[in-house]
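**Q** okay, predicted coordinates and the sequence, questions at the end:
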Amino acid sequence: MKIVIIGAGFTGTQLAKRLINGKNDVVLIDNDEEVVRHASNRLDCDVIQADGNNLQTLEDAGIEGADALVCVTSSDEVNMITCSLVDSVYPKILKIARVRNYAYYVNTNSAAEKHATTLAGEHRPLYGIDYMVHPDVEAAQAIVNAVEHGAITDSMQFENSEYELIRVGVEAESQFDGVALQNIRKLTEKRFLVSYVESNGETSLPSGSTILHAGDFLGILIKRADLPEFLKLCGSKVKDVKKIALVGANRIGMIVAEKFIHEKKSKVRKFFGLKSKLSQDFVIIDSNDTNAKLAAERFPNTKVFHADVTEEGFVEEEGIDKFDLVICATPNYELNIVMAAYIESLGVEYSIALVASAAFGEIARKIGIEVAVPIRDAVIDSIMSHLRGESVTGIHSVNGNLEIIEITIPEGSEVSGKELKEIAENGKFLIMQVQKTGEEAYSIPNGNTVLNSGDKIIVITNSESNEHVMQKFS
C-alpha cells in the first residue's frame, strides 16, 4: 500500500514507522522544518516539508496513486479540510482524520445516523472522511473499562464476546507462584486462556512449559463473572471501589465523568451503552479555574474542586487520601504519572494515569500505578485497523511488542478448512477467540476447532510476526 500521512508529530511518526515495518510505501508531510528534519533522520521514507492541505503539494507527493490519506496534524480543521479537499478530486482514496474536538465527533455521528438512508449508496461520507478517529473517546473508554466492576486493571473488551482480556498479577506464595502454565487448569474449572505473560520487563506469548513466578503479570481471557475466583488463585481479589477522585476536567475527564455521574442516557452514555448508574462517590479536581467552573455547571450535584492536588495539604484536608481510586486524566501526561504516584503515597490505594505512549505506561507501572492508558497508541491502533483491509476489524497493541488483531477469514484463505492444531506456530501467534459463521458470540477454541471462510477470529501475535499472520489468515 501507499499511504500519505499529513503531520509528522509523535503520532504521525510512530504510525509511519509501523507502516514502513510492514513494507508499505509511506510519504510523510509536515510544514515544520525542525519536525521534518527529525523525522527524516528516523524514518526510511519520503519526508516533505510543505503545507499538507495544499492540493499541489499532495499531487507532487503522489496522492493520485495512494491507497490512503491519514491526517494527524495538531489542527482538527486542517485534518478535516485536507480530507475534504482530496475527496473532491480523488474520492476512491481511503481518508482518515484524527479529530480531537468532541463536538465534531458527536455531530458527525448524529448526522450520519439521522441521514443514513440519504448518505448510503453513491453519496460520499460527511466531510469526505471515511473514518474519524477520536483519541479522547478511545482513552476514556479504556479508563472506564479499567474501573468497571472494581477490577482496576488493564481490560480489553471485544464486541459479541463474553470474554475480556484482563491483566492480573501473580502474588508471592499464591497457587500460581512457581507453577507451569500447563498445570494451572487443574486448579480451576473456569474456562480461560492465558494470552501473554509479562516477566522481568518482557512481554511474550507463553507456552505450556512457561513457569509463572511472583511479580509476573498475566493477560487472562476470561468471563468477567469468573474473575474473582481466578484472582483468588493469583493471590489477589476484586477491589471494592466506592470513592473515586477524577483529576482533570478536560475533554477526556468529562467523558469519564459522564459515565459515572449521569443517570439519564446522554449521548456519551449511549456511546458506552450504559444502562444503570454506578453508586460510587465521585469528585472532580482541576487546577484550571475555567475547567472547574464548567465541570461544576455540568455536574451540579457533584463536588468540584478548583485546586492543585500536588499542593501541600490539599489531599489530606479534603479527605482525598481516604478515597479508593484516583484517575489522573489531565493533558499533561508526565504530570499524571507524578500526581498518581504522589496521591498513592498519601494513602489512596489505586490509581489510573493517562500517559503519552506505551513506553511511559511501562514506567508508570514500575512505580506502582495500577493502570496506564497510552492515548497515542490507542489512536495509532485505531488508524492501523482501518488500513489493514476489509478483513481486519480491529488492532490493539499490548505493551508495545504484541498486537491483537480481529480478522474475518476471507474466501481463499490458506487456513480455511483446517484445524487449529494444523496451522499452529508456537511463539508467533495464538488464536484467542473464534466466532463461527452463523453463531452470535465468540468462544475460546481448542486444537480441533476448524476454521472456515466467514469465521471471525481474534489472534495475538508478536509485532515481528504480524505481517506473516496477516498473510496467513487474511
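**A** All right, it came through fine.
**Q** so where is the stretch 151-300 of the chain shaky, pLDDT-wise?
**A** Flagging of the stretch 151-300 of the chain using pLDDT under 70 yields the residue ranges 151, 262-280.
**Q** the strands in it, which residues?
**A** With DSSP state E, counting those that start in this stretch as the criterion, the stretch 151-300 of the chain has strands at 155-157, 163-169, 192-199, 202-204, 217-223, 243-247, 281-286.
**Q** I'd like to know which of those lies nearest to L43.
**A** L43 sits nearest to strand 202-204 of all the strands of the stretch 151-300 of the chain, at 24.9 Å, using Cβ to Cβ. In this view, the C-beta of every residue, glycine as well, is placed from N, C-alpha and C.
**Q** ok, the residue most central in space within the chain - contacts?
**A** For the chain, the residue nearest the mean C-alpha position is A378 (3.8 Å; Cα atoms, centre = their mean). Listed by Cβ atoms under 8 Å, 6 or more residues apart in numbering, the contact set of A378 reads P135, E138, A139, A142.
**Q** and it, how far from V338?
**A** A378 sits 22 Å away from V338, going by Cβ to Cβ, to the nearest Å.
**Q** same question, L94
**A** Note on L94: its distance to V338, by Cβ to Cβ, is 40 Å.
**Q** ok, T13 next?
**A** The spacing between T13 and V338, counted by Cβ to Cβ, is 25 Å.
**Q** and for S391?
**A** 43 Å.
**Q** now swap in F473 and tell me
**A** Distance of F473 to V338, computed by Cβ to Cβ: 42 Å.
**Q** go on, F10?
**A** For F10, the distance to V338 (Cβ to Cβ) stands at 20 Å.
**Q** and if you look at L28?
**A** L28 sits 32 Å away from V338, going by Cβ to Cβ.
**Q** likewise T393?
**A** Separation of T393 from V338 (Cβ to Cβ) stands at 37 Å.
**Q** do the same with H306
**A** Going from H306 to V338 by Cβ to Cβ gives 20 Å.
**Q** show me what the helix or strand harbouring I405 packs onto, helices and strands only.
**A** Assigning secondary structure by DSSP states H and E places I405 in strand 402-408. In terms of contacts (3 or more Cβ pairs under 8 Å, 6 or more residues apart in numbering; DSSP states H and E), strand 402-408 is packed against strand 392-398, strand 456-462, helix 466-473.
**Q** which parts of stretch 321-337 are buried?
**A** Residues 321, 323-330, 333, 335-337 are the ones in stretch 321-337 that count as buried (16 or more other Cβ atoms under 10 Å).
**Q** show me where the stretch 301-450 of the chain has its helices.
**A** Remark: helices assigned in the stretch 301-450 of the chain by DSSP state H, counting those that start in this stretch are 314-317, 333-345, 358-366, 375-387, 420-423.
**Q** alpha carbons only: can I get the first one in PDB?
**A** Think helix 314-317. C-alpha atoms of helix 314-317 as PDB (Å, rounded to 0.1, in the frame of the first residue of the first chain):
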ATOM      1  CA  PHE A 314      -4.900  19.700  50.000                       C
ATOM      2  CA  VAL A 315      -5.300  15.900  49.700                       C
ATOM      3  CA  GLU A 316      -5.400  15.400  53.500                       C
ATOM      4  CA  GLU A 317      -7.600  18.500  54.100                       C
END
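**Q** mind listing what's buried along that helix?
**A** V315.
**Q** please name the nearest non-neighbouring residue to I222.
**A** In space, and not counting its chain neighbours, I222 is closest to F192: 4.3 Å by Cβ to Cβ, 6 or more residues apart in numbering.
**Q** do I have it right that that neighbour meets D226?
**A** Yes. Counting by Cβ atoms under 8 Å, D226 is a contact partner of F192 at 7.1 Å.
**Q** those two: which has the busier surroundings?
**A** With neighbours defined as other Cβ atoms under 10 Å, F192 and D226 compare such that F192 has more, 20 against 17.
**Q** show the contacting residues for the more buried one.
**A** Contact analysis of F192 by Cβ under 8 Å, 6+ apart lists I220, L221, I222, D226, F230, I444.
**Q** now for these: which two are most distant?
**A** Pairwise distances across the contacts of F192 peak at 13.9 Å for F230 and I444 (criterion: Cβ to Cβ).
**Q** who has more neighbours out of the two?
**A** The neighbour count for F230 versus I444, taken as other Cβ under 10 Å, is higher for F230 (21 against 17).
**Q** count of neighbours near G438?
**A** G438 - counted by other Cβ under 10 Å - has 7 other residues nearby.
**Q** next one: it from V459, what distance?
**A** G438 is 21 Å from V459, where distance means Cβ to Cβ.
**Q** mind jotting down where the helices sit in the stretch 101-250 of the chain?
**A** Remark: helices assigned in the stretch 101-250 of the chain by DSSP H, counting those that start in this stretch are 102-114, 116-119, 135-147, 227-234.
**Q** of those, which shows the lowest average pLDDT?
**A** Lowest mean pLDDT of the helices of the stretch 101-250 of the chain: helix 116-119, a mean of 50.
**Q** how many neighbouring residues does the nearest residue to R251 once chain neighbours are set aside have?
**A** Sequence neighbours aside, D136 is the residue nearest to R251 in space, at 4.7 Å (criterion: Cβ to Cβ, 6+ apart). Neighbours of D136 under the rule other Cβ under 10 Å: 24.
**Q** and the gap between D136 and K259?
**A** In terms of Cβ to Cβ, D136 sits 13 Å off from K259.
**Q** how about C83?
**A** Remark: distance between C83 and K259 (Cβ to Cβ) = 30 Å.
**Q** alpha carbons of stretch 252-262, in CSV - could you do that?
**A** The C-alpha atoms that make up stretch 252-262 are tabulated as CSV, following Å, rounded to 0.1, in the frame of the first residue of the first chain:
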residue,chain,number,x,y,z
ILE,A,252,-11.4,13.1,28.5
GLY,A,253,-12.2,13.8,32.1
MET,A,254,-15.7,15.0,31.2
ILE,A,255,-16.4,11.9,29.1
VAL,A,256,-15.3,9.7,32.0
ALA,A,257,-17.4,11.8,34.4
GLU,A,258,-20.5,11.3,32.3
LYS,A,259,-20.0,7.6,32.7
PHE,A,260,-20.1,7.7,36.4
ILE,A,261,-22.4,10.6,37.2
HIS,A,262,-25.3,11.0,34.8
